[in-house]
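Novice: how would this look folded up:
(chains A, B, C, D, E and F, ligands or ions: 6)
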Amino acid sequence: MSISATQRVRIEILVDAPLVRLVVATAKEAGVTGYTLVRALGGEGAGGAWREDRVTGAADTKMIFLSVTTTEVADQLVEAFTPLLDSHRLIVWRSMVEVIRSEKF
Amino acid sequence: MSISATQRVRIEILVDAPLVRLVVATAKEAGVTGYTLVRALGGEGAGGAWREDRVTGAADTKMIFLSVTTTEVADQLVEAFTPLLDSHRLIVWRSMVEVIRSEKF
Amino acid sequence: MSISATQRVRIEILVDAPLVRLVVATAKEAGVTGYTLVRALGGEGAGGAWREDRVTGAADTKMIFLSVTTTEVADQLVEAFTPLLDSHRLIVWRSMVEVIRSEKF
Amino acid sequence: MAGTLGVLFSPVILFFILGALAAFARSDLTIPEAVGKGISLYLMAAIGLKGGVEVATIGFTLEMVLAGLAGIALSFVLPLPAFFLLTRLGKLDKVNAGAVAAHYGSVSVVTFVTGVEVLTAGGLPPAGYMVAVLALMETPAIIMGLVLARGKAESAGGKHGQSELLRETLLNGSVVLLMGSFIIGILIGRDGFVQIAPVFEAGFRGMLCLFLLDLGLIAVRRLREARSLTLPLAGLAIFIPLINGTIGAVVGTLIGLDQGSASALAILAASASYIAVPAAMRLALPQADPGLYLAMSLAVTFPFNILIGIPLYSALAQGLSGL
Amino acid sequence: MAGTLGVLFSPVILFFILGALAAFARSDLTIPEAVGKGISLYLMAAIGLKGGVEVATIGFTLEMVLAGLAGIALSFVLPLPAFFLLTRLGKLDKVNAGAVAAHYGSVSVVTFVTGVEVLTAGGLPPAGYMVAVLALMETPAIIMGLVLARGKAESAGGKHGQSELLRETLLNGSVVLLMGSFIIGILIGRDGFVQIAPVFEAGFRGMLCLFLLDLGLIAVRRLREARSLTLPLAGLAIFIPLINGTIGAVVGTLIGLDQGSASALAILAASASYIAVPAAMRLALPQADPGLYLAMSLAVTFPFNILIGIPLYSALAQGLSGL
Amino acid sequence: MAGTLGVLFSPVILFFILGALAAFARSDLTIPEAVGKGISLYLMAAIGLKGGVEVATIGFTLEMVLAGLAGIALSFVLPLPAFFLLTRLGKLDKVNAGAVAAHYGSVSVVTFVTGVEVLTAGGLPPAGYMVAVLALMETPAIIMGLVLARGKAESAGGKHGQSELLRETLLNGSVVLLMGSFIIGILIGRDGFVQIAPVFEAGFRGMLCLFLLDLGLIAVRRLREARSLTLPLAGLAIFIPLINGTIGAVVGTLIGLDQGSASALAILAASASYIAVPAAMRLALPQADPGLYLAMSLAVTFPFNILIGIPLYSALAQGLSGL
Ligand SMILES: Nc1ncnc2c1ncn2[C@@H]1O[C@H](COP(=O)(O)O)[C@@H](O)[C@H]1O
Ligand SMILES: Nc1ncnc2c1ncn2[C@@H]1O[C@H](COP(=O)(O)O)[C@@H](O)[C@H]1O
Ligand SMILES: Nc1ncnc2c1ncn2[C@@H]1O[C@H](COP(=O)(O)O)[C@@H](O)[C@H]1O
Ligand code: NA
Ligand code: NA
Ligand code: NA
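Specialist: Ligands and ions are numbered 1, 2, ... in the order given. As a prediction, this is how the structure comes out:
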């Protein structure tokens, strides 16, 4: 479709602020070399509604962990997170993307 | 492709801050059970450029409403929003994603 | 899949804050008519870790430039950015999305 | 230090000019939006408290009631001539004209605050209850603007019905904070205020400087990106406040307000909302162009009022009281 | 100005009530989270400095050591009855009961600060070293809560081992800032403090008003969205602080603290953490429901303590000292 | 209170140390970036105003012009020896060496502000016009750094031409705010300043404490994540300011500045930019490594100057004036 484009997986994990360090550590162990965090403003799910809150312990303020990586690493990532999904209330989804400098991902 | 992955739709709606409540209410009526809001910083389109602004009424400051849901709900969502797209200047797009705990979406 | 949906390309570029103006200008030259910027909070890659920082020159604080556009414009965009990817340390990926009001993109 | 030139040398106005010039020159100077919002909340709390404490000291008077009623009446009435001008001279359709007219019937907190600073420096401090008048004037114009935009017959409907909208407007953050602080001011009185005066009184003028710096930046940036602002509309964004300011000064003098308070009523009438009304209009009249109403109220009327309007309206009120 | 009614007319409390009412009425009034966080850091630095400066002036005493030891002991012990009540009356499982119990053993900085304001206004200022006691009490309850939740046998494990968690908790931002400012206060003494007093002393009460406005908003919004808060649990969120406050008052009086300091210890014991502990629990007991423990500590206990608890515990401490 | 040890017990420096220690210990203490940015803008406005008011009081002098010219000359010249050292001892390529050299030719506002605090506490307040010198020194080094990085022949080109870059640098937010506030200070004079002094004067030192706490956190966090900082480069990040500080002290003394102002010029020369220059370099020399130049200027030079450099340069300037 375009110059030297390669298929990679874009994986997004919704994670509570206090658990970000844990998610990053787990992702790195699974082989992720790059990621970006985005702050979320609020949301709603089975556990009710929340909104961004930096004043209190913000135990339910969420961030989006975003990583573009290979299918293999993404699979390993999902495997590594599966036991945590329920206990840590993580939300994960993935989709295919095309990247340009494939050596970066 | 991976352990117990299921196809879902990731739908994103760009919405002006004062209209967020309306969009959330409409989405819930269409059957959405979970969503996350992300604050946007600025942008440009047919209506000119804008930048984040919390000082004034911020009538054109935008947020991203993000929901991962089933194809059926996504279709209903699009249908519910179609009459609003022009009048409320909403911008919508959707793509396929794989989710892990499919019962969550 | 749904009412009057059309295929478009969602392109995301991770860019350092001081380079945003340059990226926007380049994108507009490539034919992009609409885009949205999102502030990132932190991340890690080959060049080490960074976190949001508005106090100093923030030369490595990143934003996400997000645009949904046609395949042709996306191709031109990628072409326009290819010489900058290494020199300006940009990260780019793209995927297919469906849009509703196709004339907007 | 009264008079136009004296006003221009007030630090508050100079910081506004600095912000405007920086934005004109395309400087990247920016106040973080969270900080700007924080300062604006602070200013509302401070002005509310101050007004309440004054009322607690002086007590309730008939003048107060008259001023409140006049404010409500003005907020209802002022959108009418504005709507007429906007459709005829401005060539706006009903929806956009109604939305813009609502802004001009309502009020701008910072224009008021800056006016109070200028009047106080000139020896004509308005009465404390004018803060309550300010809060009372925010909402009625919204209802009027909607009626004008939609025609009486057609009802609002949709997810957000008329009553829901009214609730949201009456409970708009700035109205709640202003009125709440005003009442707290009445409750605590001068004695209770002393403890928090270092923040809410001593700090006020300096914070206002920083806020006007921010508004100078925001207003001019908006002016540059305003696509739908035609020359006739820009002209109306100056002409309408002149009319409204005159009406306000006349009404204030007629109901017997002191010169400072009559000037403040004129400033309120002349000012255009850029907080409560834009948010309400985005919701109630989504088809109206926010780029247009924010450009008019924030990018043209606000700077005009700050730099030229305030001394003008106050001179007018003083002149009228001499008749 | 002491007494319950006097307290309610303090501006600090009135702003809290304003925030709570605004959130009840679903107003969109919001303090930007960055600004709220900034004010909370300011308050911690200010209270730390003030305590340190006082200790520098008065010097170290045996009382100080006793108060510190009592604080640590209370933080370890108080989760026990709370855990018992939460499992029996509250019908919580061990994990959730342990998480909630940790909150009640630990302390709330703003409850303490508000208490100090009220006590000082009432002529019973607590000693400066109570700030150090506050910092000492933040952490032990976390360990205790974890032990209760997991049973002694089972170890923590996982990516974040027990020691890692302990390190993170001890170096929690609020603990570090409180203790750091306290030590800076000791080092600079009264003379060094004079230069920065306009910010950290004169500004304190006004900033506290703005912060309590924010907490009023946050607490009530949390209450509205609290799904897992049953009536028995809401009752315990009032009953547990009453018990803990009584224990604190008794202990404070027994170890010979002055009335103000004994009242402050009671307030600390009665207060429930909503900064350090929720973050630690999310990490160490991820299965526990954050919606629950934040609703109890922030949405019920905090307002109860601010409005009713503080004058109650201080009256109790005064009564006990008279025995 | 002069002398190195006295400086270390200033609250301003102690808060910097607290931030640094917290970051070393990996505490999660963080000032929200919006708040940090807000404080930094406040400090620039305050220092600008103060300088301008002083100039308005004292009037224009030849000394002022000389200091300005010396500042501009230093900013142009200082990148040269730095570039030489960075390529030879630091083994950097031309692009990175040029980028880093630009930082050392330019100035750090907070180093200056802290220096002024220390000098004033030591009885040697620098003249008010030094603020203008500060603003004048920000930009020339950027041009020089680019020339060094690219060689004279090669032109800039690309989307952002040379002139565009120059415009952006000259209109950099911090330069505009500093110069703008300086001019406002001149216009309003002592009388106009009185009204806003509670915010911009009384609050200054306390706000500086909070800002240095933030910078301590930021600097040490950057140090930990610095990948490209070799030992020789870290050494140069101390050695270059020592050279530049010495040159600044000599030049200041030669052109006849008073001891305080000569010390301030030395501090400016020794300081390294971490606001205007990094942003400009990211744009003009995108291939240069931002991790490197921020690590050197912010993580090594800034703490060195705050803790050791400032008293050293001022002692040097005092010594020289005695000759
Ligand atoms: N289907 C979804 N799409 C987007 N975000 C979701 C979705 N479900 C849950 N979330 C987010 O994840 C958070 C926790 O979800 P839950 O565990 O279901 O309460 C919610 O508050 C949302 O912010
Ligand atoms: N193609 C696009 N891709 C991403 N964002 C867009 C796009 N078009 C519009 N937007 C966003 O939506 C806002 C409103 O668009 P418009 O109604 O075209 O002015 C813009 O300011 C952008 O933030
Ligand atoms: N694979 C990736 N997925 C998501 N973000 C990435 C990825 N790689 C790099 N980034 C982001 O881009 C920044 C610069 O990457 P790098 O040039 O590799 O240091 C990182 O700090 C991340 O924020
Ligand atoms: Na008006
Ligand atoms: Na407690
Ligand atoms: Na320098």
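
Novice: Quick check, D:K94 in contact with D:G145.
Specialist: No: judged on Cβ atoms under 8 Å, D:K94 makes no contact with D:G145 at a distance of 10.6 Å. Where you see a C-beta, it was placed from the backbone N, CA and C, and this is true even at glycine.

Novice: Among the two, which residue is more densely surrounded?
Specialist: Comparing D:K94 with D:G145 by other Cβ atoms under 10 Å in any protein chain shown, the one with more neighbours is D:G145, at 31 against 16.

Novice: Next to chain B, which bits of chain A? Give me the list.
Specialist: A:14, A:38-46, A:62, A:64, A:71, A:74-75, A:78-79, A:81-82, A:85-86, A:91-95 (Cβ under 8 Å from any Cβ of the partner chain).

Novice: Any idea how many residues pack against the residue nearest to D:T139 when sequence neighbours are not counted?
Specialist: Distances taken as Cβ to Cβ, 6 or more residues apart in numbering or on different chains place D:T169 nearest to D:T139, at 5.3 Å, with adjacent residues excluded. By other Cβ under 10 Å, 22 other residues sit near D:T169.

Novice: D:L212 now?
Specialist: Neighbour count of D:L212, defined by other Cβ under 10 Å: 27.

Novice: Give me the secondary structure label for it.
Specialist: Of the three states, D:L212 takes helix according to DSSP: H, G, I helix; E, B strand; the rest coil.

Novice: unless I'm mixing things up, it is touching D:S10, no?
Specialist: No: checked against Cβ under 8 Å, the pair D:L212 and D:S10 is beyond contact range at 10.0 Å.

Novice: Quickly list what's touching both of these two.
Specialist: Residues touching both D:L212 and D:S10 (Cβ atoms under 8 Å, 6 or more residues apart in numbering or on different chains): there are none.

Novice: got the contact list for whichever residue of chain A sits closest to ligand 3?
Specialist: Closest residue of chain A to ligand 3, Cβ to the nearest ligand atom: A:G34 (2.1 Å). Counting by Cβ under 8 Å, 6+ apart, A:G34 makes contact with A:S67, A:V68, A:T69, A:K104, A:F105, C:G43, C:E44, C:G45, C:A46, C:I91.

Novice: Kindly report the same for D:A56.
Specialist: Contacts for D:A56 (Cβ under 8 Å, 6+ apart) come out as D:G185, D:I186, D:L187, D:I188, D:G189, D:R190.

Novice: And it, its phi and psi?
Specialist: phi -60, psi -40 (degrees, to the nearest 10).

Novice: what secondary structure does the closest residue to A:G48 other than its chain neighbours sit in?
Specialist: Leaving aside its sequence neighbours, A:G48 sits nearest to E:R227 (Cβ to Cβ, 6+ apart; 4.7 Å). Following three-state DSSP, E:R227 is assigned to coil.

Novice: Whatever residue of the stretch 151-300 of chain D ends up closest to chain A: how many residues sit nearby?
Specialist: Using Cβ to the nearest Cβ, D:G173 is the residue of the stretch 151-300 of chain D that sits closest to chain A, at 14.6 Å. D:G173 has 21 neighbouring residues, counting by other Cβ under 10 Å.

Novice: Not counting residues beside it along the chain, what's closest to it?
Specialist: Nearest one to D:G173, counting by Cβ to Cβ, 6+ apart, is E:L29 at 3.6 Å.

Novice: Surely the one you found is in a strand?
Specialist: No: judged by three-state DSSP, E:L29 forms no part of a strand; its state is coil.

Novice: Can you pull the residues of chain A lying near chain C?
Specialist: Taking Cβ under 8 Å from any Cβ, the part of chain A that reaches chain C is made up of A:1-3, A:5, A:8, A:10, A:24, A:33-39, A:63, A:68, A:95-101, A:104.

Novice: mind putting the contacts of D:A56 in TSV, distance to F:P79 and neighbour count included?
Specialist: As requested, the contacts of D:A56 are exported to TSV (distance: Cβ to Cβ, whole Å; neighbours: other Cβ atoms under 10 Å in any protein chain shown):
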residue	distance to F:P79	neighbour count
D:G185	56	30
D:I186	62	20
D:L187	61	16
D:I188	58	22
D:G189	61	16
D:R190	59	12
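
Novice: Out of those, which is nearest to F:S297?
Specialist: D:G185 (48.0 Å; Cβ to Cβ).

Novice: and the strand ranked longest in chain A, does that touch ligand 1?
Specialist: Determined from DSSP state E, the single longest strand within chain A is strand A:6-16. Yes: residues of strand A:6-16 are located near ligand 1 by Cβ under 6 Å from any ligand atom, namely A:L14.

Novice: how far off strand B:6-16 does that strand point, in degrees?
Specialist: Using axes from the mean of the first three to the mean of the last three Cα atoms, to 10 degrees, the inter-axis angle of strand A:6-16 relative to strand B:6-16 is 70 degrees.

Novice: Pick out the residue closest to the middle of chain D.
Specialist: For chain D, the residue sitting closest to the mean C-alpha position, by Cα atoms, centre = their mean, is D:S108 at 1.4 Å.

Novice: Would you mind giving both backbone torsions of residue 44?
Specialist: By default, I'm working from chain A. Here is the backbone geometry of A:E44 (degrees, to the nearest 10): phi -150, psi 150.

Novice: oops, chain D please
Specialist: Here is the backbone geometry of D:M44 (degrees, to the nearest 10): phi -70, psi -40.

Novice: so who does it touch?
Specialist: Contacts of D:M44 (Cβ under 8 Å, 6+ apart): D:V109, D:S174, D:L177, D:L178, D:S181.

Novice: and the closest residue to it other than its chain neighbours, how many neighbours?
Specialist: Nearest non-adjacent residue to D:M44, counting by Cβ to Cβ, 6+ apart: D:L177, 4.6 Å away. By other Cβ under 10 Å, 28 other residues sit near D:L177.

Novice: quick one: D:L177 from D:L49, how far?
Specialist: 10 Å (Cβ to Cβ, to the nearest Å).

Novice: Mind checking which of the residues of chain A next to chain C land in strands?
Specialist: Using DSSP E, those in strands are A:8, A:10, A:35-39, A:63, A:68, A:95-99.

Novice: State the pair within the residues you listed that is farthest apart.
Specialist: So, those by Cβ to Cβ: farthest apart are A:R39 and A:E98, at 26.5 Å.

Novice: what comes up buried for stretch D:68-78?
Specialist: Using 16 or more other Cβ atoms under 10 Å in any protein chain shown as the test for burial, stretch D:68-78 gives D:G68, D:A70, D:G71, D:I72, D:L74, D:S75, D:F76, D:V77, D:L78.

Novice: What degree of burial does the residue of chain A found nearest chain F show, as a neighbour count?
Specialist: Proximity of chain A to chain F (Cβ to the nearest Cβ) peaks at A:R54, 6.4 Å away. Here the count is done by other Cβ under 10 Å, and A:R54 has 19 residues near it.

Novice: counting contacts, what elements does the top helix by length along chain A pack onto?
Specialist: Longest helix in chain A, counting residues (DSSP state H): helix A:71-87. If contacts are counted by 3 or more Cβ pairs under 8 Å, 6 or more residues apart in numbering or on different chains; DSSP states H and E, helix A:71-87 sits against strand A:6-16, helix A:20-29, strand A:91-99.

Novice: For chain D, which of these is the nearest?
Specialist: Using Cβ to the nearest Cβ, those put helix A:20-29 closest to chain D, at 20.8 Å.

Novice: what about the closest one, near chain F?
Specialist: No: Helix A:20-29 lies apart from chain F when judged by Cβ under 8 Å from any Cβ; the minimum separation is 9.0 Å.

Novice: ok now that helix, how far from the chain's centre?
Specialist: With Cα atoms, centre = their mean, to the nearest Å as the basis, helix A:20-29 stands 10 Å off its chain's centre.

Novice: all helices of the stretch 201-323 of chain D, in order?
Specialist: Listed from the start of the chain, the stretch 201-323 of chain D has helices (DSSP state H, counting those that start in this stretch) covering D:204-225, D:231-254, D:259-270, D:276-284, D:290-294, D:302-304, D:310-322.

Novice: Could you point out which of the ones you listed sits nearest F:S40?
Specialist: helix D:204-225 (12.4 Å).
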